[in-house]
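Student: here's a sequence, model it:
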Amino acid sequence: MSKDPQQKKIELLENEIAELKEKIKAGNLEFKNIADSSRKNFLDDVIKESLKESEREKEQILNSLVERVSYLDLDYNIKWINKAGLKAVPDNKRIEDIIGNPCYQVYHNTDNPCEGCPVTGTIKTGWPWKEEISNGKGETFLMSSQPVLDENGKIKGVIEVMLDISMRKEMENALERSQKRSKALLNAIPDLLVVFNDKGLFIDYHESTEFELFQSESAVEGRHLTEIMPEHLASTIIKNTGTLHNEGSVRTFEYNHASTGENKYFECKVVKSGIHENACIIRDISSRKSKENDYYFKSFHDVLTGLYNRAYFDEELKRLELNRNAIPTSVLIVDVNSLKLTNDAFGHAFGDQLLKKVSEILAANCRKSDVIARTGGDEFAILLPGSTLSRAEKLASNIITACNESVYDDIFSRPSVSIGCATKVSQEESLIDAVHKADELMYKMKLQNRGKHLEQLFADIIETAQTRGFETHRHISNLITINKLFSKKLNLSATTAEKLNNLAKLHDIGKIRIPSKILTKDGMLNDEEYNTIKQHSIIGYRIVKAIPEFSSIAELILYHHECWDGSGYPSGLKEKNIPIESRIFSILDSFDSMTHDTPYKKGKSFDEAIEEIHKYSGRQYDPEIARSFTDFLKEENLESILS
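Tutor: Take a look at the predicted model:
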């Protein structure tokens, strides 16, 4: 099918125009063969075609943009709009509803320009304008307007560009929320975060809320870590960082730092956070370390004395058993004398003080290399690596001397020990056998010195009683004299008479625990003071009960203030429920006390004392014993015998 002549002519013209364009570009266009009028028309056609092609290129470019681009006149009417802009127009709008109509009607179906529209700002001022605008659908747009000027520089229209930045804003908001969360988390934790590069140069930090390892003023970017924090810590951080080669790799170490006299512990976690960037998270673990150290200490130490315990002693015994370099190894077994007496008489709190005193003496006399352990209730053991038997015996002698010379507040808190020593002199011998031998020697010494120790204790009790003024040698001597004579009158057995003699010596022993201000008070005691005084019979019972040689009179001491009618103390016993020795002694003690002056009353005469006993017979005193005693007083010339 042949082409239409008109179509051929158009194709020919297009080809000529194309050739002309090439010649214009090459700069060799010649007009000598073209008539002037034809030349002018031809060039006009070429220019018009070139302009059309330029417009088409611009239109293609604008239509390829994701931004919504439109050209508006000064009445907001849309003169031109790109494809992205058309997509934002409601589907029910036709092209004739768009071109030539105000943008606010086209886009929003309103009668007035939108509030805050940048086009309004450009129309009013002639300046470019830009605003972020959000609609009710959760969308956000970046709107900008650019003035279009005529040849006189006056604004004749506005190019409006709208970019949907909803996704970007959501990402920004999400990033901001994430940053706020991260900041809140950082602020909530007590850790110190330090960021630095591979050269150890400081970049940034987040300070701890609980501790400070460097002053914020010194934390300047670019300074070396050793300049802004403890040098040893900084060097250790950098050293550990050098072992990290992959991003995300971590190394943890602990750091000890003395601050304001307090030993602080920190856990440092170094992280390879970037190619040339590192972070160190520092946490104060002092509390945790304190608990760990406390747990470790309690596992191998005696809580009361602070010395090693039995568990540690046994472990050290096994270690030294195999250590050839420790030969000879000596062992001391140390037992605290009269701890049971102290505990029974005054309670374990008092006994604990005695144990502490002994432990202090042991620690003061031993070397740091010696192992001192509390291995039982009243027993200590000392291991002396590399020590001969002679050195062990010298140490034992020093400990005993230190006990004898120690300062003490009470006779029952005076430290006294029995010690046994033994030595392992060769690898063939057993260190455990040495422990057993030392233990046997300790018990042998304890038995040998038991009588001497109790004798000394008894002498101290009497001396203390007399020193404090609540018991005098005269009173005890008078009671023994009266008892000797009255026991014969009653035909008492030698055993009973001896009990009464010991009762005379120890009946008020419990008063050594009564405050001196009460015992020596000048005047009558008030109810509270009298109730305190009444405790002495119970205290005396506990003390004497703990001394085997005198335990048989413990109950007699407990009840020597009971009354025949049940009005006495501490138990309110009546009549023959009161031991006979206590009933007898009650009269003897009252008589001697009545006939001598006391801090709060003048002594009575013999006759007055006899009358007093008659008066309280059947009330305070056993009537039968009271009658026998008054008869005895009349028969014997005691006034001349007693001082």
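
Student: how many neighbours does G377 have?
Tutor: 13 (other CB atoms under 10 Å). Glycine gets a C-beta too; all of them are placed from N, C-alpha and C.

Student: contact partners for it?
Tutor: Counting by CB atoms under 8 Å, 6 or more residues apart in numbering, G377 makes contact with L339.

Student: check V106 too.
Tutor: If you count contacts by CB under 8 Å, 6+ apart, then V106 has 78, 89, 93, 97-98 around it.

Student: tell me if it really is in a strand.
Tutor: No - according to DSSP: H, G, I helix; E, B strand; the rest coil, V106 belongs to no strand; its state is helix.

Student: and it, how far from L65?
Tutor: Per CB to CB, to the nearest Å, V106 is found 19 Å from L65.

Student: same question for H473.
Tutor: For H473, the distance to L65 - CB to CB - is 123 Å.

Student: more crowded one of these two?
Tutor: A side-by-side neighbour count of H473 and L65, using other CB under 10 Å, places L65 first with 14 against 11.

Student: which among the contacts of V106 gets closest to H257?
Tutor: V89 (69.7 Å; CB to CB).

Student: what is the neighbour count of the closest one?
Tutor: 18.

Student: same deal with the one 4 residues further on?
Tutor: When neighbours are counted by other CB under 10 Å, K93 registers 15.

Student: and it, how far is that from L479?
Tutor: With CB to CB as the criterion, K93 and L479 are 130 Å apart.

Student: how about N112?
Tutor: For N112 relative to L479 (CB to CB), the value is 123 Å.

Student: for M171, same thing?
Tutor: Taken as CB to CB, the span from M171 to L479 is 104 Å.

Student: name the residue in these two with the higher neighbour count.
Tutor: Taking other CB under 10 Å, M171 and L479 do not tie; L479 has more neighbours (23 against 11).

Student: assign that one to helix, strand or coil.
Tutor: Applying three-state DSSP: L479 is helix.

Student: surely it meets I587?
Tutor: No - between L479 and I587 there is no contact under CB atoms under 8 Å: 11.0 Å.

Student: these two touch, right, F141 and E132?
Tutor: Yes - if you go by CB under 8 Å, F141 and E132 touch, sitting 7.2 Å apart.

Student: which residues are in contact with each of these two?
Tutor: Common neighbours of F141 and E132 (CB under 8 Å, 6+ apart) are I165.

Student: more neighbours: which of those two?
Tutor: F141 (19 against 13).

Student: wait, is the more buried one part of a strand?
Tutor: Yes - per three-state DSSP, F141 lies within a strand segment.

Student: quick one: list the elements packing against the longest helix seen in the chain.
Tutor: Ranked by residue count and defined by DSSP state H, the top helix of the chain is helix 431-468. Counting contacts by 3 or more CB pairs under 8 Å, 6 or more residues apart in numbering; DSSP states H and E, helix 431-468 packs against helix 310-321, strand 329-336, strand 417-424, helix 473-489.

Student: and it, which residues are buried?
Tutor: 431, 434-435, 437-439, 441-442, 445-446, 449, 453-454, 457-458, 461, 464-465 (16 or more other CB atoms under 10 Å).

Student: other residues contacting stretch 445-457?
Tutor: 335, 337-338, 341, 411, 416, 418-420, 547, 549.

Student: from these, list just the buried residues.
Tutor: 335, 337-338, 341, 416, 418-420, 547.

Student: quick one: the helices and strands packed on helix 431-468 as a markdown table, columns for distance to I399 and mean pLDDT too.
Tutor: Formatted as a markdown table, the helices and strands packed on helix 431-468 follow (distance: least, CB to CB, whole Å; pLDDT from 0 to 100):
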| stretch | distance to I399 | mean pLDDT |
| --- | --- | --- |
| helix 310-321 | 17 | 92 |
| strand 329-336 | 7 | 95 |
| strand 417-424 | 6 | 95 |
| helix 473-489 | 35 | 87 |
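
Student: ok, back up a step: and the longest helix of the chain, how far out from the chain's middle?
Tutor: 44 Å (CA atoms, centre = their mean, to the nearest Å).

Student: now do it against strand 329-336, angle only.
Tutor: Put simply, helix 431-468 runs at 30 degrees to strand 329-336, going by axes from the mean of the first three to the mean of the last three CA atoms, to 10 degrees.

Student: what's the angle between helix 431-468 and helix 310-321?
Tutor: 140 degrees.

Student: read off the pLDDT value for E262.
Tutor: The predicted structure scores E262 at 73 on the pLDDT scale.

Student: that one bridge partners, please.
Tutor: Counting by DSSP bridges, E262 is bridged to S259.

Student: count the neighbours of it for me.
Tutor: 8.

Student: wait, a strand at I133?
Tutor: Yes - the assignment for I133 by three-state DSSP puts it in a strand.

Student: which ones are touching it?
Tutor: 114, 116-117, 140-141, 143.

Student: pull out the buried residues from the residues you listed.
Tutor: Buried members of the contacts of I133, counted by 16+ other CB under 10 Å: 114, 117, 140-141, 143.

Student: for the residues you listed, which one is nearest A626?
Tutor: T140 (113.7 Å).

Student: pretty sure that closest one contacts L163?
Tutor: No - under the criterion of CB under 8 Å, T140 makes no contact with L163, lying 9.7 Å away.

Student: residue contacts, Y443?
Tutor: Going by CB under 8 Å, 6+ apart, the list of residues near Y443 reads 335, 418, 420.

Student: report the contact partners of the last one.
Tutor: Taking CB under 8 Å, 6+ apart as the criterion, G420 is in contact with 332-333, 437-445.

Student: then the second one?
Tutor: Counting by CB under 8 Å, 6+ apart, S418 touches 334-335, 337, 442-443, 445-446, 449.

Student: just how off-centre is stretch 476-486 within its chain?
Tutor: 65 Å.
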